[in-house]
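Novice: Structure for the following, please:
(chains A, B and C)
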Amino acid sequence: MKFSSSLKLNHIFRRLYHTTGQADGYLVLYARKNRTDSNRVGITVGKKLGKAHIRNRTRRRIREVYRLNEEKFLPGWDIVVVARSRAVEAPFDKLTKSYLSLAKKAGILQESAE
RNA sequence: CAACCAGAUCGGACAGCCGCGGACGCAGGCCGAAAGGCCGCGGAUGAGGAAAGUCCGGGCUCCACAGGGCAGGGAUAACGGGUAACGCCCGCCGGGGGAAACCCCAGGACAAGUGCAACAGAGAUAUACUACUGCAUUGCAGGAAAGGUGAAAAGACAGGCUCAUAGCCUGUCCGGCCCAUGGUAACAUGGGUUUUACGAUGUAAACUCUAUCCCGGAGCAACGCCGUGGAGGGACAACAGGCUGACCCGGCCGUCCCGAGGAGGCGGCUUGAUCCUAUGGGCAACCAUAGGGCUAGAUAGAUGGCUGUCAAGACAGAACCCGGCUUAUAGAUCUGGUUGUACC
RNA sequence: GGUACUGUAGCCAAGUGGUAAGGCCCCGGUCUGCAAAACCGUUAUUCGCCAGUUCAAAUCUGGCCAGUACCU
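Specialist: Alright, predicted model coming up:
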């Protein structure tokens, strides 16, 4: 990916949970500026959603949505996406639609992508 | 061919585009004094039979600890073997199931002691309600067969003597004990002994006893190393620097050193009671020898998305590592075997 | 990843082998002109599930399932 990396630090996750997020039936999205030129993206899949292989698959699909749509995002943000229970069985195009609409509400999409 | 039984192996495949992890290689690029770091390119490589539950047994690491015995605690339970060890595995004995192949069993001891046994029943470890027999006429003697209750009522049955269903005698069977033979052994077979004391209910997944084994605690989020800042301790010799102050002393900032240590980082981290093949030993589990192979090491945690064809069809994702057990699991293939039917 | 604990009526729960206490709620009745309160009565096919031991299991033993807490 061109300007993105994964978000790994636990205290940044906790800082983002305290911000106001955007949510729908599939996902919850938190975003915050990070004063760099790149994005850091974290994904949270809670233990209630299923066993280990189900959580792994859900996380991969959410990561893939970001990877395929990276050029639509603005750089310089920390982003955390939390999967909700409907995201486990959701088809891929619905997941993509949900992700992008939440990102648009949060104001982290490029103007040309809208 | 059908229905089964046992064991073993696999457990979506192929193609295209985009993408991920850690090694390796590169006369590649950038940073750096160097060590090295970051990026790029390349071709390989990259989850399981249960990776799961965390139920047992170990390795490994740290903390605690002079030696020995008793006590105490825990585990196991026919017998023999395998193993580093096990509560696991193999063989075998006994019992149970099946027509058979074959499968299942926590399978020591209640005549060492203690405890518990509701309801029903006359009586529950002991008894005499109904009923029975003899003599006498409602009393004496006999003793426990039958009825009934219950999970359980003094091993089971037959014949003779007898007033009798008591008691005694005889015989058969079950169990116990003793002897012989076979077996390493559990045990099997045969013979003997006896019947009120060799047989006086059940329960030890009740306390307990016996035999064998074990014995401190924690667990890789263990543990070791580095450690910006901040806080702590020490030093500041000479004119000296800044702040406080009219000035001096003093205090703070400052400079250097020290050892703990939070965030974070690095190691631990994968070659091991290892796997494959062959030969030999053993009924088998397994063992020995020889040759060959290296096959994930992440740390918000790597296998995904889309398309096409076939199939449509599971359970499910390593996190220090092994040996087992248990649980979940669609389907496919192979090997050996049993029974039934038909044909030659 | 690791270590503990809990599961009994809709809710809170007692019950250490022998008919599963009690309280709240719900429902029915008495009372009242109608309610409330009070009083009386009623509610467990599986005591989380499956096996086993026992004459007999909520209870004892083993294995699963679900939930909670702690270490971080």
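Novice: Helices of chain A, residue ranges please.
Specialist: A:10-17, A:52-68, A:92-106 (DSSP state H).
Novice: contact partners of the shortest one?
Specialist: Going back to what we said before, that points to helix A:10-17. Helix A:10-17 is contacted from outside by A:Leu7, A:Tyr30, A:Ala31, A:Arg32, A:Arg40, A:Gly42, A:Thr44, A:Asp78, A:Val80, using CB atoms under 8 Å, 6 or more residues apart in numbering. Using the backbone N, CA and C atoms, a C-beta is placed for each residue, glycine as well.
Novice: Please identify, among the residues you listed, the one with the most neighbours.
Specialist: The residue in the contacts of helix A:10-17 with the most neighbours, by other CB atoms under 10 Å, is A:Ala31 (25 neighbours).
Novice: Could I get the contacting residues of that one?
Specialist: Residues near A:Ala31 by CB under 8 Å, 6+ apart: A:Leu16, A:Thr19, A:Trp77, A:Asp78, A:Ile79, A:Val80, A:Ala103, A:Ala106, A:Gly107, A:Ile108.
Novice: okay, those in TSV with pLDDT next?
Specialist: Below are the contacts of A:Ala31 laid out as TSV (pLDDT from 0 to 100):
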residue	pLDDT
A:Leu16	82
A:Thr19	82
A:Trp77	86
A:Asp78	86
A:Ile79	88
A:Val80	89
A:Ala103	90
A:Ala106	89
A:Gly107	87
A:Ile108	87
